[in-house]
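[1] Structure here, sequence nowhere to be found:
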């Protein structure tokens, strides 16, 4: 089926957080996202979200807006799935430089096309239908030890068993976090670290992580990005997995991973990868190489990106080692969808018994 896209528009989303969120490269108290709206000639509307990040993909709200202005006319001409796929294939370098901006546009067009054809994302893309429960990780990123302890208690009360713990690179402060984890977690809990690129080399990182004396199964981005040989050296030393986030942004980077596939996991964030179609390409490429994945999330994602990530997580269920996101109004003062997609007890988002998989497009009601 072909649709006529009458109008494409973009706006920035600045939704306040309930708590501020820190990263080694930034601290934010509100979302940094763009929302694209696609409207057909018969009044149907689709929505898409992207989260530009200077420290991940080199994008900003301003650069996303500029990309949109440049490609708005081309976007309006993408009237069916084949045309969208062709755009992704032909403009790979352009999307590589503007993944979050294209993600927002692509998701809006796919949502519109799904609504026009009465197909969910999964039906439209010939992916497995959503079913069962999706299991999310607790993310402990607070710098303040009292806040960290409070968040840990909340996650424990909710029954989480999978934990991502952000390290600061400050031994006394990180050791305080580890002491709390030791006091409250046991063998049924699984821990992975996110080091936010804070160590200079594999030797320094290895000594630091050994000093913490905490059982963990993987560490994310311990060094400056793209240091693949050093990362493999660290993986061998610690007998652990390395999660690639900032160090894996596009298909071409698989060439850097050859010969050490047993050490890697890819953190696949839909906005970072440049949309749903490119994310599904990465899933297939990881599967063929025996590389597991984690479905990641940009801080401040709304339910629109949570929904897109479900399609990817369902497709990757056989190689999926963890899933992040679905925070909704746990983190945001408001979501753009009602009701928002959010995990519940145990960090689970249950799909069976909901109408989501039967609804066209993304299946969400957009309120703002």
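    Received, thanks. Everything quoted here is computed from the prediction, not taken from an experiment. Numbers count the residues shown, from 1 in each chain.

[2] could you point out the longest helix in the chain?
    For the chain, the longest helix by residue count, based on DSSP state H, is helix 99-117.

[3] tell me how far that one is from the chain's mean position?
    Remark: helix 99-117 is offset 17 Å from the chain centroid, using CA atoms, centre = their mean, to the nearest Å.

[4] same for the next helix or strand after that helix, what does it pack against?
    Following helix 99-117 in sequence order, the next helix or strand is helix 121-125 (DSSP states H and E). Identification of packing neighbours for helix 121-125 by 3 or more CB pairs under 8 Å, 6 or more residues apart in numbering; DSSP states H and E yields helix 99-117, helix 276-289, helix 303-315. Any C-beta I mention is one placed from the backbone N, CA and C, and that applies to glycine too.

[5] Quick one: mean pLDDT over the last one.
    It refers to helix 303-315. Here helix 303-315 scores 98 as its mean pLDDT.

[6] Show me what that helix is packed against.
    By 3+ CB pairs under 8 Å, 6+ apart, helix 303-315 packs against strand 45-50, helix 99-117, helix 121-125, helix 270-273, helix 276-289, strand 293-295, strand 320-323.

[7] can you list the weak-confidence ranges in this protein?
    Residues of the chain that meet the criterion pLDDT under 70 lie in 20-28.

[8] how about the helices in it?
    Using DSSP H, helices in the chain cover 61-76, 81-90, 92-97, 99-117, 121-125, 145-158, 171-184, 202-212, 228-238, 270-273, 276-289, 303-315.

[9] out of the ones you listed, deepest packed?
    Burial of those is given as mean neighbour count (mean count of other CB atoms under 10 Å); helix 270-273 ranks first at a mean of 30.

[10] who's in contact with residue 252?
    Residue 252 sits next to residue 96 when contact means CB atoms under 8 Å, 6 or more residues apart in numbering.

[11] For residue 215, what are phi and psi?
    Torsion angles at residue 215 (phi, psi; degrees, to the nearest 10) stand at phi -80, psi 120.

[12] on that earlier part again, and the helices and strands packed on helix 121-125 as JSON lines, adding distance to residue 40?
    Formatted as JSON lines, the helices and strands packed on helix 121-125 follow (distance: least, CB to CB, whole Å):
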{"stretch": "helix 99-117", "distance to residue 40": "6"}
{"stretch": "helix 276-289", "distance to residue 40": "19"}
{"stretch": "helix 303-315", "distance to residue 40": "18"}
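
[13] Which residue of this structure lies farthest from its centroid?
    residue 42 (32.8 Å; CA atoms, centre = their mean).

[14] Would you mind measuring from that one to residue 75?
    According to CB to CB, to the nearest Å, residue 42 and residue 75 sit 18 Å apart.

[15] How about residue 136?
    Applying CB to CB, the value for residue 136 to residue 75 is 32 Å.

[16] swap in residue 5?
    For residue 5, the distance to residue 75 (CB to CB) stands at 7 Å.

[17] what's the overlap in contacts for these two?
    38, 109.

[18] I figured residue 302 hits residue 332, correct?
    Yes - between residue 302 and residue 332 there is a contact under CB atoms under 8 Å: 6.9 Å.

[19] Compare these two and say which is more crowded by neighbours.
    The residue with more neighbours, out of residue 302 and residue 332, is residue 302; 28 against 22, by other CB atoms under 10 Å.

[20] Roughly how far does that one sit from residue 336?
    Between residue 302 and residue 336 the distance is 5 Å, computed by CB to CB.
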